[in-house]
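K.L.:
How does the following fold in three dimensions:
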Amino acid sequence: MGNYSYPVKKFPVETKRYCQTLSLKNDSQLIEEYKYWHRTENRWPEIPEGIRAIGILEMEIYIHGNLLFMIVETPVDFDWDKSFARLAGMNRQAEWESFMAKFQVADSGAASSDKWQLMERMFSL
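P.N.:
Next up is the predicted model:
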């Protein structure tokens, strides 16, 4: 087992964090393809451009089996609902969501906000 620790970025503004989860279809070939499309060299450039344009400072996705965990870092004044509604209408975003749906446990045509479920923090040290 490798060392799965990751540096944390610091930002020049006060931030807040959102955590989400989503399940992929439990198919090793589909999971590998999903990972392929999320690698820097394979992802559609419009997707990270749109994410940054709505004010997200950092977005990370972690995987364990077919379970995904996403961490989103934003400025404290970030409005989740307004920002993601704006993102949904940006260049190629709907196409990306439709393309990703074949890998995800979700209803066909579901919006990102329906697929990715916000998580409640239940512990903090």
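K.L.:
do you know how far the nearest residue to N42 once chain neighbours are set aside is from N26?
P.N.:
Once flanking residues are discounted, N42 sits nearest to Y36: 5.7 Å by CB to CB, 6 or more residues apart in numbering. C-betas here are computed from N, CA, C, even on glycine. According to CB to CB, to the nearest Å, Y36 and N26 sit 17 Å apart.
K.L.:
so the residue nearest to N42, which of the three states?
P.N.:
helix (DSSP: H, G, I helix; E, B strand; the rest coil).
K.L.:
Am I right that it is in contact with Q29?
P.N.:
No - using CB atoms under 8 Å, Y36 and Q29 do not qualify as a contacting pair, with a distance of 10.6 Å.
K.L.:
the more surrounded of those two?
P.N.:
More crowded of Y36 and Q29, by other CB atoms under 10 Å: Y36, with 11 against 8.
K.L.:
for the protein, what spans make up the helices?
P.N.:
Here the chain has its helices, by DSSP state H, at 28-38, 46-53, 80-88, 93-100, 112-115.
K.L.:
so where's the protein shaky on pLDDT?
P.N.:
1 (pLDDT under 70).
K.L.:
Mind doing that once more with 80?
P.N.:
1-2, 108-109 (pLDDT under 80).
K.L.:
Quick check: end-to-end length of stretch 112-121?
P.N.:
In stretch 112-121, first residue to last residue: 21 Å (CA to CA, to the nearest Å).
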